[in-house]
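Chemist: Structural data only, the sequence is not supplied:
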């Protein structure tokens with residue numbers, strides 16, 4: 001039953017449900033909207049067209065009209081991809097509306113500072129992001145809260161292959177996600193019997209995709225790497241089930257939802273020690289890491305970790321056991337929703 005006193009207007013990127021461009025931020029937003037509805041909130045979604053954060057004047061005008069038409073005193077939850085770039089549109093409504101900004105990826109600029117200053121609360125998706133915002137901007141600490149992503153329970157993946165050679169990378173193929181670093185590391189370990197599936201959109205940086213294909217062809221590795229494009233649903237589940245190791249070579253991550261998605265299946269992780277990734281990777285109740293962490297932007301370190309993974313049977317077995325133990329400590333999306341709902345409730349009162 002809908003609680004009439006709990007209504008929220010959620011301002012979302014226009015591509016929130018575009019299957020061609022899946023992202024952690026969009027998945028988080030969609031889960032939160034559904035979860036708030038399940039908790040009895042009346043959720044009014046407003047997907048705003050535009051190439052956010054670089055929207056054109058027409059799209060900004062649409063957002064301005066939307067804010068102006070929102071009833072006075074309403075609670076408005078805005079995705080930070082939009083909100084952090086439009087402080088001039090938020091400021092006129094800072095007193096009239098109860099603004100809450102959900103920050104997936106900090107921008108670290110003056111526009112974001114001014115935008116967050118208009119909000120009655122800021123919600124981040126990791127402790128790392130909260131610390132970064134408080135260090136960067138003069139925000140009251142009690143106004144910046146954390147609601148880490150949940151993870152949907154999944155069956156454990158089958159026991160890994162004997163050689164551990166089936167690699168999976170789940171991320172949009174962009175420089176930020178470090179695919180070029182991974183491709184530079186692979187020739188160093190070309191003698192190992194590995195294959196790699198990259199599941200993620202190829203449309204954001206097509207020049208990079210061409211460069212990666214050329215590098216792989218030059219190294220004689222094109223037939224061992226599949227740039228699969230975006231995978232969702234059963235196709236993504238199958239990719240996880242067929243993998244021995246998730247590889248995430250990002251140059252930056254506020255959390256790294258694919259890390260916990262892998263761990264939810266008992267799949268070990270090799271990732272870069274950036275942003276909130278160590279937080280997402282976590283530890284088992286016994287204090288063990290369920291994966292390996294390497295410095296970002298370092299092909300040699302990535303190749304060294306892969307060589308260690310393939311060269312040490314006991315390491316692979318230990319990391320698989322740790323991933324299964326970490327799986328049991330992960331929280332589902334209702335926990336995330338409850339944390340965010342608590343913030344919205346405080347803002348509404």
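Modeler: Received the coordinates, thanks. Small disclaimer: the values here were computed from a predicted structure and weren't measured. Numbers count the residues shown, from 1 in each chain.
Chemist: Residue 119 touches residue 143, doesn't it?
Modeler: Yes - using Cβ atoms under 8 Å, residue 119 makes contact with residue 143 at a distance of 7.5 Å. Heads up, the C-betas are built off the backbone N, CA and C, glycines and all.
Chemist: Look at these two and report which has more neighbours.
Modeler: Legend: neighbour count by other Cβ atoms under 10 Å for residue 119 and residue 143, higher for residue 119 (25 against 18).
Chemist: quick one: the more buried one and residue 282, what's the gap?
Modeler: Computed as Cβ to Cβ, to the nearest Å, the residue 119 to residue 282 distance reads 29 Å.
Chemist: now the strands for the protein?
Modeler: 7-13, 42-48, 75-79, 98-103, 121-124, 144-146, 166-170, 195-199, 225-229, 245-248, 269-272, 291-294 (DSSP state E).
Chemist: So what are the sheet partners of the first one and their directions?
Modeler: For strand 7-13, sheet partners with direction are given as strand 42-48 (parallel), strand 75-79 (parallel), following DSSP bridges.
Chemist: which residues in the stretch 201-349 of the chain form helices?
Modeler: 206-218, 233-241, 257-263, 277-281, 299-311, 313-327, 333-348 (DSSP state H, counting those that start in this stretch).
Chemist: So which of these is nearest residue 160?
Modeler: The closest of the helices of the stretch 201-349 of the chain to residue 160 is helix 313-327. By Cβ to Cβ, the value is 6.2 Å.
Chemist: quick one, domains of the chain?
Modeler: 7-150+331-348, 166-327 (automatic domain parsing).
Chemist: what sits against residue 308?
Modeler: 292, 315 (Cβ atoms under 8 Å, 6 or more residues apart in numbering).
Chemist: For it, give its distance to residue 314.
Modeler: Residue 308 is 11 Å from residue 314, by Cβ to Cβ.
Chemist: One more: residue 218?
Modeler: The value you get for residue 218 to residue 314, if Cβ to Cβ is used, is 35 Å.
Chemist: Looking at the two now, which is surrounded by more residues?
Modeler: residue 218 (10 against 7).
Chemist: pLDDT score for that one?
Modeler: Residue 218 carries a pLDDT value of 97.
Chemist: which residues touch the closest residue to residue 37 other than its chain neighbours?
Modeler: Nearest residue to residue 37 in three dimensions, chain neighbours excluded: residue 43, at 5.0 Å (Cβ to Cβ, 6 or more residues apart in numbering). With contacts defined as Cβ under 8 Å, 6+ apart, the neighbours of residue 43 are 8, 10, 33, 36-37.
Chemist: Apply 10 Å and report the result again.
Modeler: Residue 43 is in contact with 2, 6-10, 32-37, 77, counting by Cβ atoms under 10 Å, 6 or more residues apart in numbering.
Chemist: tell me which residues form a beta bridge with it?
Modeler: With DSSP bridges as the rule, residue 43 is bridged to residue 8.
Chemist: measure residue 109 to residue 77 for me?
Modeler: 22 Å.
Chemist: got a markdown table for the helices of the stretch 201-349 of the chain, with distance to residue 47 too?
Modeler: Formatted as a markdown table, these follow (distance: least, Cβ to Cβ, whole Å):
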| stretch | distance to residue 47 |
| --- | --- |
| helix 206-218 | 25 |
| helix 233-241 | 21 |
| helix 257-263 | 21 |
| helix 277-281 | 27 |
| helix 299-311 | 37 |
| helix 313-327 | 33 |
| helix 333-348 | 19 |
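Chemist: and residue 62, which of the ones you listed is closest to it?
Modeler: Across the helices of the stretch 201-349 of the chain, closest to residue 62 is helix 333-348 (Cβ to Cβ), at 23.9 Å.
Chemist: Okay, buried residues for that closest one please.
Modeler: For helix 333-348, burial by neighbour count (16 or more other Cβ atoms under 10 Å) applies to 333, 336-337, 339-341, 343-345, 347-348.
Chemist: Closest to residue 164 out of those?
Modeler: Nearest to residue 164 among these, with distances taken as Cβ to Cβ, is residue 333, at 30.5 Å.
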